[in-house]
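K.L.:
Generate a structure from the sequence data that follows.
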Amino acid sequence: MSNDPTQDPTQDATQDANDTTAIAEPQDELEALRAEVEQLKAQSLIERADLENQRKRLARDIEMARKFANERLLSDLLPVFDSLDAGLAAAGAEAGALRQGLELTYKQLLKVASDNGMEVLDPTGQPFDPEHHQAISQGEAEGVAPGHVINVFQKGYRLNGRLLRPALVIVARHD
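P.N.:
Residues are numbered from 1 along each chain as shown. As a prediction, this is how the structure comes out:
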């Protein structure tokens, strides 16, 4: 060691510590920046996923709106179907011009409704299904199994799988 009065041994130690700190600070700053970049990447992926989910949800909502856009119109036409059914029942089996006209009108109306996704539920003889039928009574009938529909008072209708109106039925009584 030299006996230089101008050089302080504590100053050398401080200088070494400053050099180490100077090297450590860029390392810490680099690690902080890397962590921030990773966080931004993760946030970007989350936002992309949210955007994709939103697109899928919007496409699904548009498809549902398209599928059931005519639900109100077809629901409003159900009394017309009922009137035509009643008219045909009242006309009986007689083959007259009025009956033929009613049948033709009914078939055309059913075709238009069918082309728009509506289907008729006429469950005579089928097992009672509480999801599609509404029982208004029970009765006895020869040759009909218990729990099956004996008679249909009012047909039911479904639009693209969604029930518009349940069929009003009489169900065979269980013993």
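K.L.:
quick check, residue 138 in a strand?
P.N.:
Yes: counting by DSSP: H, G, I helix; E, B strand; the rest coil, one finds residue 138 located in a strand.
K.L.:
List the contacts of it.
P.N.:
Residue 138 is in contact with 170, 171, 172, 173, counting by Cβ atoms under 8 Å, 6 or more residues apart in numbering. All C-beta atoms are positioned from the backbone trio N, CA, C, and that covers glycine.
K.L.:
From what I see, the second one and residue 128 are in contact.
P.N.:
Yes: with contact defined as Cβ atoms under 8 Å, residue 171 counts as touching residue 128 (4.8 Å).
K.L.:
Overlap of the contact sets of those two?
P.N.:
Contacts common to residue 171 and residue 128, judged by Cβ under 8 Å, 6+ apart, are 135, 147, 148, 149.
K.L.:
Looking at these, which are in strands?
P.N.:
135, 149 (DSSP state E).
K.L.:
Any idea how far the helix or strand residue 42 falls within is from the middle of the chain?
P.N.:
Per DSSP states H and E: residue 42 is located in helix 9-67. Here helix 9-67 shows a centroid-to-chain-centroid distance of 36 Å under the convention Cα atoms, centre = their mean, to the nearest Å.
K.L.:
same thing with stretch 67-82?
P.N.:
20 Å.
K.L.:
residues in contact with residue 81?
P.N.:
Contacts of residue 81 by Cβ under 8 Å, 6+ apart are 106, 109, 110, 113, 120, 155, 157.
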